[in-house]
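> with the sequence up front, the predicted model follows.
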Amino acid sequence: MTAVIDSPVSHVLVSSASLRELSRQMGPEICRQFVGNYIDMWEGRYRRLVNSLDGEDYPGAMDVVLSIKISSHMAGAKRLAGYAGIAQEMVGRTDIQGLLSLLEPMQECGAATLASLREMLDAI
């Protein structure tokens, strides 16, 4: 089992620089839409991860972990992307205990990330 505390996760919750760069690349309106969709989709993604693990559906878990990792990276959600990267490694090893120990920190990080992104949304 991999302990969550032994794995490096970014101290940065959300990178405003990453959001500015995304806005520069995509335009502010599309960036706001992407971040809004990211916020709206978090709960469903998290629930799919929990359900996949409950059923020991590792391909399903990998699909949702990659979705969380990539979308979090794009949204500047560095800490959540880090947790998803750790989860990706655990899914690859079928480390169910490690994955289960990661759920609560991911959920807490997700809630904090969404709150931070909501505050930043108007400034994009």
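Here it is on my side, so go on. Numbering: from 1, shown residues only.

> every contact and neighbour count from this point should use C-alpha atoms.
Will do.

> what about the strands in this structure?
Ranges of strands within the chain: none, based on DSSP state E.

> can you show me the helices along it?
Assigned by DSSP state H, the chain shows helices spanning 16-26, 28-54, 58-74, 78-92, 96-121.

> surely L80 meets G110?
Yes: contact criterion Cα atoms under 8 Å: L80 and G110 qualify, at 6.5 Å.

> so where's the chain uncertain?
For the chain, the stretches with pLDDT under 70 are 1-8.

> who has more neighbours, L80 and G110?
L80 (29 against 23; other Cα atoms under 10 Å).

> any idea how far the more buried one lies from E56?
22 Å (Cα to Cα, to the nearest Å).

> and what of R79?
The value you get for R79 to E56, if Cα to Cα is used, is 25 Å.

> repeat for A84
With Cα to Cα as the criterion, A84 and E56 are 17 Å apart.

> neighbour count: the two, which is higher?
Shown here are A84 and E56; by other Cα under 10 Å, A84 has more neighbours (25 against 14).

> what separates the more buried one from Q97, distance-wise?
Taking Cα to Cα, one finds A84 at 15 Å from Q97.

> how about S67?
Counting by Cα to Cα, the gap from S67 to Q97 is 21 Å.

> again with V50
According to Cα to Cα, V50 and Q97 sit 13 Å apart.

> who's more crowded, these two?
V50 (17 against 13).

> the more buried one: what's its closest spatial neighbour, skipping adjacent residues?
With Cα to Cα, 6 or more residues apart in numbering as the measure, L103 is the residue that lies nearest to V50, at 7.6 Å, once sequence neighbours are left out.

> report how many residues lie close to the one you found.
17.

> now swap in Q25 and tell me
11.

> same check, this time on the one 5 residues further on
I30 sits with 13 neighbouring residues when counted by other Cα under 10 Å.

> S67 is in contact with G85, correct?
No: assessed by Cα under 8 Å, G85 is found out of contact with S67, at 10.6 Å.

> compare these two and say which is more crowded by neighbours.
Taking neighbours as other Cα under 10 Å, G85 and S67 compare with G85 leading, 19 against 15.
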